[in-house]
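1. Next one to model:
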Amino acid sequence: MPDLRAVRAFLDDHHAEKVAKLQEWVKAELSPRPDPPDDAAARVRARELLGEMGWECFHPIEKPDLRLCGLFRETLAAESTLADEVFALQALGTIPVMLAGDQAVQDRWVPAALKGEAMGAFAMTERGAGSDVAAMATRAVKDGNGYVLNGTKAFISNAGIADFYTVFAQGDPEKGGKGITAFVVPADTPGLRFVRAQVMSAPHPLGEIAFEDCRVPAANRLGGDGQGLKLGLATLDRVRGTVAAAACGMAERALAEALAWAKERKQFGKPLHEHQLVAEKLARMATDLTASRLLTYRALWEKDRGAERVSLESGMAKAFATEAAQRIVDDAVQILGGRGVVDDHPVDRLYRAVRALRIYEGTTEIQHLIIAGHLTA
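-> Down below sits the predicted model:
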């Protein structure tokens, strides 16, 4: 369970109770399960996990509890990065529908998503449009009472196993980012095709999807024409701080494993932690983790208390926490030595999983540009 004392100033009384309940489930249901051995098994496991976790921190959307979401991600990521990703991606795919879908679309997808009966996906990234979202080539052309979508999305989490996709497409290339429109597209829509899996070093359902004359009714549009990028960025603004929380969970587990080994393992006649170079690593790891958690829960607290945008706070949290987690996990591997690179050890799992956090939902470099932009505005 995360140490709530360090971030207690940002929490409310109910947070500890709900995290303790999740921790009971983690110990009883999640910890005994081995990691999926390959991508195919990870896809099956992701669907199994979907209906087993609570989603109350995402609803009602008018008053979200992102601090609870962060605590959930921190707790899950410390035990299973796949479980954390299933939890987080359900939010990423569903929040745009909550924010901008008409009543019929919300009634169709939101209750099922919140119950874990329908899996969502967030389809924005393309091979030629990652950080530069406005460069996306997927087109949405008006046709009668709907739109026809054509294009390919890559690096899409839950591709091939999602029940619905929140899709971003360019409706007017001359307008750049202001021409992008968002849609909810059911997975069984004719013209929507799962192209292939993109296999990561850690278990994570990722892949490409293609739209080939895929007809989407106007009722499935999320918001108005040209409002897709704004909707997508607002969603990422909400969720980005929880990426930092996941990084904290991974770092917390890595530190715990390294500390336990440093106390147990003896070299040159004394425990590892009594060697000054190892002690220095442990001290730096603990300090980085505490700083990460303070930045993270400050950002989530700001959003929960009603801030319209927390781009600066969440950018700082994500940039610092993900970079710090990379350092902490790497130091844990170094302290553990050979044990840290054996594939059945938790630290090896973390080493393979943590690297992606510095890229998705806004790279560290993009976060630094956002932060600098606030400073110089």
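2. the strands in the stretch 251-377 of the chain, which residues?
-> Remark: strands assigned in the stretch 251-377 of the chain by DSSP state E, counting those that start in this stretch are 266-267, 270-271.
3. nearest to D163, of the ones you listed?
-> strand 270-271 (51.4 Å; Cβ to Cβ). In this view, the C-beta of every residue, glycine as well, is placed from N, C-alpha and C.
4. Direction included, what does the closest one pair up with?
-> strand 266-267 (antiparallel) (DSSP bridges).
5. re the thing from before, reformat the strands of the stretch 251-377 of the chain as CSV; add mean pLDDT and distance to D102.
-> What follows is the strands of the stretch 251-377 of the chain, written out as CSV (pLDDT from 0 to 100; distance: least, Cβ to Cβ, whole Å):
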stretch, mean pLDDT, distance to D102
strand 266-267, 90, 65
strand 270-271, 93, 63
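6. The ones you listed: which one's closest to E257?
-> strand 270-271 (15.3 Å).
7. Report the distance from that closest one to the chain centre.
-> Distance, stretch centre to chain centre, for strand 270-271: 39 Å (Cα atoms, centre = their mean, to the nearest Å).
8. Low-confidence ranges, the chain, go.
-> Applying pLDDT under 70 to the chain picks out residues 1, 54, 56, 58-62.
9. That one: helices as residue ranges?
-> Assigned by DSSP state H, the helices in the chain fall at 13-25, 39-50, 66-79, 81-100, 103-114, 228-264, 276-304, 311-336, 346-354, 364-376.
10. Please identify the deepest-packed of those.
-> Compared across these, helix 66-79 shows the largest average neighbour count, a mean of 26 (mean count of other Cβ atoms under 10 Å).
11. wait, which of the helices of the chain is closest to R215?
-> helix 103-114 (16.0 Å).
12. what's the closest one in contact with?
-> 55-56, 58-59, 90, 93-94, 97-98, 101, 118-120, 163-164, 184, 219-220, 222 (Cβ atoms under 8 Å, 6 or more residues apart in numbering).
13. Give the PyMOL command for selecting the buried subset of those.
-> To isolate the buried ones among the contacts of helix 103-114 in PyMOL, judged by 16 or more other Cβ atoms under 10 Å, type:
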select buried, resi 55+58+59+90+93+94+97+98+101+118+119+120+163+164+184+220+222
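14. Report the contact partners of L30.
-> So L30 contacts 76, 79-80, 83 (Cβ under 8 Å, 6+ apart).
15. make that R339, sorry
-> So R339 contacts 261, 345, 347 (Cβ under 8 Å, 6+ apart).
16. Hmm, the last one is touching L259, no?
-> No - with the criterion set as Cβ atoms under 8 Å, V347 and L259 do not qualify as a contacting pair; they are 11.7 Å apart.
17. what would the strands of the stretch 251-377 of the chain look like in CSV with mean neighbour count and distance to G128?
-> CSV is the format used below for those (neighbours: other Cβ atoms under 10 Å; distance: least, Cβ to Cβ, whole Å):
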stretch, mean neighbour count, distance to G128
strand 266-267, 10, 51
strand 270-271, 12, 53
